[in-house]
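Asker: Please work out how this folds:
(2 chains)
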Amino acid sequence: MESYLVDITLILDSTVRLAVPLILACLAGLYSERAGIVDIGLEGKLLAGAFAAASMSAVTGSAWLGLLAGIGAALMFSGIHGLASINFKGNQTISGVALNFLAAGLTTFLGQSWFKRGGYTPQLSGDQRFNPITLPFAEQLREVPILGQIYFELISGHNIITYFAFIAVPVTAWVLFRTRFGLRLRAVGENPKAIDTAGISVTRLRYQALIITAVLVGIGGAYLSIAQSAGFNNNMSAGRGYIALAALIFAKWRPGPALLVCLMFGFLDAVQFRIQGQVFPIIGEVPVQAIQALPYILTVILLAGFIGRAVAPKASGIPYTKER
Amino acid sequence: MTPLPRWADVVLLPLLNVVLAFLVGGLIVLAVGQNPLQAVGIMLYGAFGYGSGFGYTLYYTTDFIFAGLAVSLAYHAGLFNIGPEGQAYVGGLGVILLGLALNGAHWAIVFPLMIICGGAFGALWAFVPGYLQAKRGSHVVITTILFNFIATSMMGFLISRVLKPVGVNSDESAPLEAITRVPQLRTFIELFKNSPVNLTFFLAIIALFFIYWLIWRTKFGYAVRALGQNPVAANYAGISNQKMIMIVMAMSGVLAAMVAVNNVGGVQGRLILNFVNGAGFVGIAVAFMGRGHPVGVGLSALLFGILYQGGQELAFQMPGITREMIVTIQALVILFTGAMGDMLRAPLARLLARSSSPTGAK
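Answerer: Below is the predicted model of the structure:
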């Protein structure tokens, strides 16, 4: 019994760790898609953020500067996306796809040119990373059965970005549904003309959304390379940006459900490591690949309208043109 | 604003966009302290300078023509198929199953059947997103991305657990016998020694002509373009949009699957993990750069063939530049020809209007 509890806490603990980049990327996507800008480029921003954070941290020795660099890289990518999709009224999907390739190509290319380690950045340690924070009384409460253990293993002992990600969810919900900015943001994604008529700049609002998107996804990227791991390696985002996008659809563009879906996808990821090679009664061995594919399959089923309906913000993907 | 003259719209603007993409790429190379012109020289040598290099260029070009046509065809119908990567991967399953079933038979019999069987598998993998868009309203962009991932997992499972023969260590299927494989051109032409370019290359050339004929010379092609330009009008004209979406996606999948015929049937002669290796994604860049026209697609595919083969050479000669620079170029091409394709339109129109106004009427 005791061992099961340990097992479950450990799985849940890694669920949290694996869900953090998804949560950040998903919230990031939420802001831009709510403002009417489709962001296929989350994956690329995550990757660029991870690379910039690890590089800066390796060179300066400061995780915080690394974090800033990660955000900066994501901002640059968002800027290009904004230029293409807001100013030049180009196709947002194509721009996003281009940015994903740009990140994949540039991170490896620059990584090799700068560090000459086959695309890896130097190993980070100490202050170059965000290290686990032990919450107050965690050590003392450790001996308390169940609750103390949950507090010690699950709630305490994560790095600062993890806590930030979990706080960002209610904050996003508040901003989106309780502030004037949030109201305008949602309006510009549904009916930009109304916003324009009210004398508010659609362009400005959409750029603001893109900036928030970049900050969040940049932090998510930094989490990958300087919090969860100790350095950058090739393609380390490994499709998480797309999973976050899937989660966003699954959550129907709402922050609370987004958290739950990201945790669920994180859980699937965590379980996948645990069940490798294990034989279960009745079903036998579950192939790892089946669990890997599960988030995608579930999203397809959802999109097909077999479990509820996911309707995107109405103006999403359409550049806004003022009538002349 | 005066619209661009046709020649500027069709030739000059796309060309300027491509030049811009390469210029930015050159600046990036310059930024890391390498000489972009020297890099271009080495690449051209690698791609054309010797027989097997040229053969490799044509081999890559084959893949990119099919992937580019797959994206183009769908795009003419207003569908952005990001899934040729996965469609080609699943197409590989069809190719190898057919090949293994007829293992030992002469290639002249197997080759056409490979095209059909591989094509059918690729078609299926693209048809489902098409069906989901047509009948259930989910967007093909998202579903094809998701299907790429599902394909990776599914094929990984099938290759490592089902197709892998007992006693083999690496994750791959049983090999096809030499006589069953699509013959490589080096068996007829001395020049191509050691390079994998095979008969599928000619299939790609035929596909270019076929797609031109299909899109611009048939009733079906008219329906495709009508759907792409204005779905409401197409529907009003009596075209069944739903049916068209499904058919076009399936055909797009067939084209993508020909990448598998080239690689599984003609090069590796077995099914290996991730054999598509990004060719499907290159197709996106090729399609935008070529503006969906077979002439453009053919030329863009050749350009990317040069980049990929030349990039290989570059990795040997200039250790400071990795092959990933090619992926960067690919991204810039998609960005400048696809997403920002109209950036230069207005300034160009102004420029042309000004230069022609003194002589022009009114």
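Asker: Look at the closest residue to residue A:266 other than its chain neighbours and say how many residues are nearby.
Answerer: The shortest distance from residue A:266 to any non-neighbouring residue, by CB to CB, 6 or more residues apart in numbering or on different chains, is to residue A:19 (3.0 Å). No exception for glycine: its C-beta is placed from N, CA and C like everyone else's. Using other CB atoms under 10 Å in any protein chain shown, residue A:19 is surrounded by 26 other residues.
Asker: host element of residue A:19?
Answerer: helix A:2-34 (DSSP states H and E).
Asker: Check which helices and strands that helix sits against.
Answerer: helix A:42-60, helix A:147-150, helix A:160-178, helix A:180-190, helix A:202-222, helix A:240-250, helix A:255-274 (3 or more CB pairs under 8 Å, 6 or more residues apart in numbering or on different chains; DSSP states H and E).
Asker: What ranges in the chain fall below the confidence cut-off?
Answerer: The chain I'm using is chain A. Applying pLDDT under 70 to chain A flags residues A:1-3, A:277, A:306-310, A:323-324.
Asker: look at chain B instead
Answerer: In chain B, residues with pLDDT under 70: B:1-2, B:357-362.
Asker: The same query, at a cut-off of 50, please.
Answerer: The model of chain B has pLDDT under 50 over residues B:360-362.
Asker: Select the longest helix from it.
Answerer: In chain B, ranked by residue count with DSSP state H as the criterion, the top helix is helix B:107-136.
Asker: Report the contact partners of residue 245.
Answerer: Looking at chain A here, since you left the chain open. A:25, A:26, A:29, A:39, A:40, A:42, A:43, B:142, B:145 (CB atoms under 8 Å, 6 or more residues apart in numbering or on different chains).
Asker: The intended chain is chain B.
Answerer: B:77, B:79, B:130, B:133, B:134, B:140, B:227.
Asker: Show me what counts as buried in the longest helix of chain B.
Answerer: Within helix B:107-136, the residues scored as buried using 16 or more other CB atoms under 10 Å in any protein chain shown are B:107, B:110-111, B:113-115, B:117-134.
Asker: Show me what secondary structure element comes after that helix.
Answerer: Counting by DSSP H and E, what follows helix B:107-136 is helix B:140-157.
Asker: Can I get the helix or strand following that next one in CSV? Just the C-alpha atoms.
Answerer: Sequence order places helix B:200-217 as the next helix or strand after helix B:140-157, per DSSP H and E. Taking Å, rounded to 0.1, in the frame of the first residue of the first chain, the C-alpha atoms of helix B:200-217 are listed here in CSV:
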residue,chain,number,x,y,z
THR,B,200,10.9,7.4,-59.5
PHE,B,201,12.6,10.5,-60.8
PHE,B,202,10.8,10.1,-64.1
LEU,B,203,7.6,9.5,-62.3
ALA,B,204,8.1,12.9,-60.6
ILE,B,205,8.5,14.6,-64.0
ILE,B,206,5.4,12.9,-65.3
ALA,B,207,3.5,14.0,-62.2
LEU,B,208,4.5,17.6,-62.9
PHE,B,209,2.9,17.4,-66.3
PHE,B,210,-0.1,15.5,-65.1
ILE,B,211,-0.8,18.0,-62.3
TYR,B,212,-0.6,20.9,-64.8
TRP,B,213,-3.0,19.1,-67.1
LEU,B,214,-5.3,18.2,-64.2
ILE,B,215,-5.5,21.7,-62.7
TRP,B,216,-5.6,23.9,-65.8
ARG,B,217,-7.0,21.6,-68.5
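Asker: what angle do helix B:200-217 and helix B:107-136 make?
Answerer: 40 degrees (axes from the mean of the first three to the mean of the last three CA atoms, to 10 degrees).
Asker: Only the buried residues of helix B:200-217, if you could.
Answerer: Applying 16+ other CB under 10 Å to helix B:200-217 flags B:200, B:201, B:203, B:204, B:207, B:208, B:211, B:212, B:214, B:215 as buried.
Asker: Stretch A:267-282 too?
Answerer: Quick answer for stretch A:267-282 (16+ other CB under 10 Å): A:267, A:268, A:269, A:270, A:271, A:272.
Asker: Tell me which helix or strand the residue minimising distance to the centre of chain B sits in.
Answerer: The centroid of chain B falls nearest to residue B:67 when counting by CA atoms, centre = their mean (2.2 Å). Using DSSP H and E, residue B:67 maps to helix B:51-76.
Asker: how about that helix against chain A, any contact?
Answerer: No - judged by CB under 8 Å from any CB of the partner chain, helix B:51-76 makes no contact with chain A; its nearest approach is 9.9 Å.
Asker: Tell me the helix or strand right after that helix.
Answerer: Following helix B:51-76 in sequence order, the next helix or strand is helix B:84-101 (DSSP H and E).
Asker: How far off centre is that next one?
Answerer: Computed by CA atoms, centre = their mean, to the nearest Å, the chain-centroid distance of helix B:84-101 equals 16 Å.
Asker: what's it packed up against?
Answerer: helix B:51-76, helix B:107-136, helix B:140-157, helix B:241-260, helix B:279-289.
Asker: packing partners for the second one?
Answerer: If I follow you right, that is helix B:107-136. Packed next to helix B:107-136, using 3+ CB pairs under 8 Å, 6+ apart, are helix A:288-303, helix B:84-101, helix B:140-157, helix B:241-260.
Asker: could those helices be laid out in CSV, adding distance to residue A:168?
Answerer: As requested, the helices and strands packed on helix B:107-136 are exported to CSV (distance: least, CB to CB, whole Å):
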stretch, distance to residue A:168
helix A:288-303, 21
helix B:84-101, 33
helix B:140-157, 24
helix B:241-260, 38
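Asker: so of those, which one's packed in deepest?
Answerer: The highest mean neighbour count among those, using mean count of other CB atoms under 10 Å in any protein chain shown, belongs to helix B:84-101: a mean of 28.
Asker: quick one on the thing from earlier: distance from the longest helix of chain B to the middle of the chain?
Answerer: With CA atoms, centre = their mean, you get 16 Å for helix B:107-136.
Asker: Stretch B:268-281 now?
Answerer: Counting by CA atoms, centre = their mean, stretch B:268-281 comes out at 13 Å from the chain centroid.
Asker: again, but for stretch B:245-261
Answerer: For stretch B:245-261 - counting by CA atoms, centre = their mean - the centre lies 11 Å from the chain centre.
Asker: do the same with stretch B:238-255
Answerer: That offset, for stretch B:238-255, works out to 18 Å (CA atoms, centre = their mean).
Asker: Next, count neighbours for residue 20.
Answerer: With no chain named, the answer covers chain A. Neighbours around residue A:20, by other CB under 10 Å: 27.
Asker: Correction: the question concerned chain B.
Answerer: 18.
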